[in-house]
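**Q** generate coordinates for the sequence data below:
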Amino acid sequence: MSFESDSHAKEYWKENIRLVLTLLAVWFVVSYGFGILLVDWLNNIKFFGFKLGFWFAQQGSIYVFVALIFVYVAKMNKIDRKYNVHDDE
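**A** I've put the predicted structure just below:
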């Protein structure tokens, strides 16, 4: 991976780190916040016949994690193209 300039490299990594931290924050809120801290409050809501807090603790956080992987791939492909460091031929 070669950048056109040092400023492009710094901007690229700045966007990369910002994206990673944002996705980690979402993952933390969903897995820890919804699955542990807010589980009692969320259990008052039914989702597909299950209590929502239970669903997040057992399956929802895994689904969100997989979705975040796809979001990361899509966003990084866009960032790679923006800074002309993509692998497409």
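
**Q** who's in contact with the residue positioned nearest the centre of the chain?
**A** Central residue of the chain (C-alpha atoms, centre = their mean): Leu23, 3.0 Å from the mean position. Leu23 is in contact with Leu68, Val71, Tyr72, counting by C-beta atoms under 8 Å, 6 or more residues apart in numbering. All C-beta spots, glycine's among them, are computed from the backbone N, C-alpha and C.

**Q** tell me the buried residues within the residues you listed.
**A** Leu68 (16 or more other C-beta atoms under 10 Å).

**Q** circling back: give me the distance between the residue nearest to the centre of the chain and Ala57.
**A** Using C-beta to C-beta, to the nearest Å, Leu23 is found at 20 Å from Ala57.

**Q** so where's the protein uncertain?
**A** 1, 3, 88-89 (pLDDT under 70).

**Q** redo that, cut-off 90
**A** In the predicted model, the chain carries pLDDT under 90 at residues 1-10, 12, 30-40, 42-43, 45-61, 80-89.
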